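Student: let's see this in three dimensions:
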Amino acid sequence: MSDETRPLLSRGLAVATADGFLTVQGAQRHVFRGRSAELLGRLLPLLDGTRRTDDLARALDAPAAHIERTVEILAARGLLETSPAPDRTDVPEHVLDHHARTLDLNGGHRGTADLLDVLATAAAHVTGPADRAGTIAADLRESGVPDVTDGRLDHHRMLELAAAKSALVVVIEDGTDGETSLTGITELCGPAGVTVLRTATTADTVEIGPCFLPDYTPCADCFRHSRAEARLPAPSAPDTAGGMLQTGLVTAEAFALLAGAPAQPLTVLGITAADGRRTEQFLCAPRPACPCDDSGGGGPHPDLVDIQLRATEHSGPASLPTGLPSSALRRLAARLVHERPPFHAHPRHPLPSCLPTVTGTFGDAPRATAAPDRDAFAGLLARTAGLRPDPGGNPWQRWTPTGGQLASVELYLATRPGALGLPGTLFRYDDLRHALMPVRADNTGIEEILTGTDLAPAGLDAVLVFTAAHRRLAAKYRDFAYRLAHLDAGCATTQLAAAAAGQGLGVRFATRWDESLADLLDLAPDDRYVTAVAGLHRGETCR
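Tutor: Residues are numbered from 1 along each chain as shown. Prediction:
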């Protein structure tokens, strides 16, 4: 932190102390206790933007390093800002308080002034039923977006939107064509590079999204086709409660888009039950036959790889600002990369770090004459699901691609007795430490592992079971985690076949298995599941 930094506590925070605890309520609740609570109780009133950290240290008679570290923690939790709100009569005080409390969730702006500066360069238009369109437009203006209109979208207004630094058109579908025709609006906005946000209601749900913009999202026709295939009910006029819920949700999403922190990706349709008890998200992908599909795939349905790319794509159009994810999401992403089950009671046996040289390629490698040993298994495990030394200094470089660097593929290895010189025959691979952990102290035969599969144990030297860390993926990718886990498993199984062939080993894959395998590995059904079973043998190198 710079010596010239003058920390400023965000406005609108609620601070309370009781029984040795100090609670700060902003976008989230932060609770401190003990010496931290005592120090913060004296420090927070001094964070008025006029004092440097060394001034604060002298005022509190505390070590400067402690104060600097405390200020860093407050900043990381989104409780400080560097640019307070300017005097603007068009934005009410309670809105400024809300913006200050939620800066970390609204694109990571340094302060309320920075957020308002971004909103001042934005323009928006809301088209649809007059009552709801007018309410949404008024809410956006009160939130700090000065240039918001509603009603029919004409050519003159379209030119104004296209000239703005960031622009958005909100379309309220009511089940009729005409001025609110989604296809007509998107055809008007697309050439101008203006993003369209769709919203609709049904008898018992509110729909937000997807957005529409050429080269970034599917077209309106693809969306309608996909929506019909999903058998979702047609849009209809809401009752009073549904209309209020819709205006609140779409205003929040429109504001977030203009601030640089949308709550959902552009290609996602979010559905909220009118009673608020259920939410769903659907990823919208183009039909292969449509001109908006640039993946080059064939067939009647979108290609899964293309869907994965759309689900993990983070770049947005130039017509919308791109903010930072919240500090909580950044901490979560960093934590998930190295999050693994602790297995405290399981000893770890390090594997050789010098991996065997891979010789040959698919169909062109010497056949192994001896059973794979510790060195051979070390190479196969690392190259399938382990970390790879990176001369550039990236500690999380991996041999095999994996969604979000989350290492969703976790391996279990079953060997013949004595193959590794370790007690037991069933092990879990620790990719972070490049080590093996025995799952059971006794010998679990390959025959027992393969019970319930269609893979014959005869001639196999070892079995690799691929499992998916579903919760780790779902924490970031939510509903797409199941598909992504199987895409990751496909990459890993292909890598295994290549690495095994390079060591003169063949691989045979099971085509089915039952729940007995998950029970044997003690997999929690809602956390981890089997995605592939592979047998290693000496013989044909690729099968």
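
Student: figure out how far stretch 129-141 is from the centre of its chain.
Tutor: 31 Å (CA atoms, centre = their mean, to the nearest Å).

Student: okay, buried residues for that stretch please.
Tutor: P129, R132, A133, T135, I136, A137, D139, L140, R141 (16 or more other CB atoms under 10 Å). No exception for glycine: its C-beta is placed from N, CA and C like everyone else's.

Student: secondary structure and distance to T199 added to those, as TSV?
Tutor: Shown next, in TSV, are the buried residues of stretch 129-141 (DSSP: H, G, I helix; E, B strand; the rest coil; distance: CB to CB, whole Å):
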residue	secondary structure	distance to T199
P129	coil	11
R132	helix	9
A133	helix	10
T135	helix	12
I136	helix	9
A137	helix	13
D139	helix	13
L140	helix	13
R141	helix	18
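
Student: just the helices in the stretch 401-543 of the chain please.
Tutor: 446-449, 470-477, 481-502, 515-520 (DSSP state H, counting those that start in this stretch).

Student: count of residues packed around V31?
Tutor: Neighbourhood size, V31 [other CB atoms under 10 Å]: 12.

Student: ditto for D514
Tutor: By other CB under 10 Å, the residues close to D514 number 11.

Student: which stretches of the protein have low pLDDT?
Tutor: For the chain, applying pLDDT under 70 flags the ranges 1-4, 83-88, 176-180, 293-319, 323-330, 360-369, 391-393, 540-543.

Student: middle-most residue in it, spatially?
Tutor: K476 (3.2 Å; CA atoms, centre = their mean).

Student: quick one, what contacts that one?
Tutor: Each residue near K476 by CB atoms under 8 Å, 6 or more residues apart in numbering is listed here: L332, A333, L336, G404, L406.

Student: buried ones among those residues?
Tutor: So, of the contacts of K476, L336, G404, L406 end up buried under the neighbour-count rule (16+ other CB under 10 Å).

Student: okay but the last one is in contact with L473, surely?
Tutor: Yes. L406 is within contact range of L473, at 5.8 Å (criterion: CB atoms under 8 Å).

Student: which residue ranges form the strands in the stretch 401-543 of the chain?
Tutor: 409-415, 426-430, 435-438, 460-469, 505-509, 528-538 (DSSP state E, counting those that start in this stretch).

Student: what angle do the second one and strand 460-469 make?
Tutor: Here strand 426-430 points in a direction 50 degrees away from that of strand 460-469 (axes from the mean of the first three to the mean of the last three CA atoms, to 10 degrees).

Student: partners of strand 426-430 in the sheet?
Tutor: Strand 426-430 has the following strand partners under DSSP bridges: strand 409-415 (antiparallel), strand 435-438 (antiparallel).

Student: just tell me which of the strands of the stretch 401-543 of the chain ends up closest to L8.
Tutor: strand 460-469 (40.7 Å; CB to CB).

Student: centre of the chain versus that closest one, how much separation?
Tutor: 27 Å.

Student: most tightly packed of the strands paired with strand 426-430?
Tutor: Across the strands paired with strand 426-430, averaging neighbours per residue (mean count of other CB atoms under 10 Å) puts strand 409-415 on top, at a mean of 24.

Student: go ahead and confirm R152 touches T127.
Tutor: Yes. With contact defined as CB under 8 Å, R152 reaches T127; the gap is 6.7 Å.

Student: if we can go back for a sec, of all the strands paired with strand 426-430, which one is nearest H109?
Tutor: strand 409-415 (37.4 Å).

Student: and the angle for that closest one with strand 528-538?
Tutor: Going by the same axes, to 10 degrees, strand 409-415 makes 50 degrees with strand 528-538.

Student: can I get strand 409-415 in CSV, CA atoms only?
Tutor: The C-alpha trace of strand 409-415 is given here as CSV (Å, rounded to 0.1, in the frame of the first residue of the first chain):
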residue,chain,number,x,y,z
VAL,A,409,-10.5,-34.8,-12.5
GLU,A,410,-9.3,-36.8,-9.5
LEU,A,411,-7.7,-40.2,-9.9
TYR,A,412,-7.8,-43.5,-8.0
LEU,A,413,-5.2,-46.1,-8.8
ALA,A,414,-5.6,-49.8,-8.1
THR,A,415,-2.6,-52.1,-8.6
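
Student: quick check, distance from it to the centre of its chain.
Tutor: That offset, for strand 409-415, works out to 26 Å (CA atoms, centre = their mean).

Student: what's the answer for stretch 142-161, then?
Tutor: That offset, for stretch 142-161, works out to 32 Å (CA atoms, centre = their mean).

Student: pull out the buried positions in it.
Tutor: For stretch 142-161, by 16+ other CB under 10 Å, it's S143, G144, V145, P146, D147, V148, T149, D150, L153, R157, M158, L161.

Student: what does it rub up against?
Tutor: Contacts for stretch 142-161 (CB under 8 Å, 6+ apart): 88, 90-92, 95, 99, 115-116, 119-120, 122-127, 130, 133-134, 136-137, 140-141, 164, 167, 169, 179, 185, 188-189, 192, 194, 251, 255, 258.

Student: are any of the residues you listed buried, and which?
Tutor: The buried subset of the contacts of stretch 142-161 - by 16+ other CB under 10 Å - is 91, 95, 99, 115-116, 119, 122-127, 133, 136-137, 140-141, 164, 167, 169, 185, 188-189, 194, 251, 255, 258.

Student: tell me which element I67 is part of?
Tutor: helix 64-76 (DSSP states H and E).

Student: in that helix, which residues are buried?
Tutor: I67, E68, T70, V71, L74, A75.

Student: same question, stretch 195-203
Tutor: T195, V196, L197, R198, T199, A200, T201, T202.

Student: hey, what's the third one bridged with?
Tutor: Under the criterion DSSP bridges, L197 forms beta bridges with V170, C211.

Student: touching, it and A252? I think so.
Tutor: No. Using CB under 8 Å, L197 is not in contact with A252; the gap is 11.3 Å.

Student: tabulate the contacts of K476 (TSV), appending distance to E81.
Tutor: Formatted as TSV, those follow (distance: CB to CB, whole Å):
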residue	distance to E81
L332	22
A333	23
L336	28
G404	30
L406	32
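
Student: quick one on the thing from earlier: hmm, which two among the buried residues of stretch 129-141 are most spread apart?
Tutor: The largest separation in the buried residues of stretch 129-141, counting by CB to CB, is between P129 and R141 at 18.5 Å.

Student: of the buried residues of stretch 129-141, which is the nearest to G270?
Tutor: Looking across the buried residues of stretch 129-141 and measuring by CB to CB, the closest to G270 is I136, at 16.3 Å.

Student: next up, the contacts around that closest one.
Tutor: Counted by CB under 8 Å, 6+ apart, I136 has contacts V126, D150, V170, I172, T247, V250, T251, A254.

Student: at 7 Å instead, please
Tutor: Going by CB atoms under 7 Å, 6 or more residues apart in numbering, I136 touches V126, V170, T247, V250, T251.

Student: could you check how far it is from A162?
Tutor: 21 Å (CB to CB, to the nearest Å).
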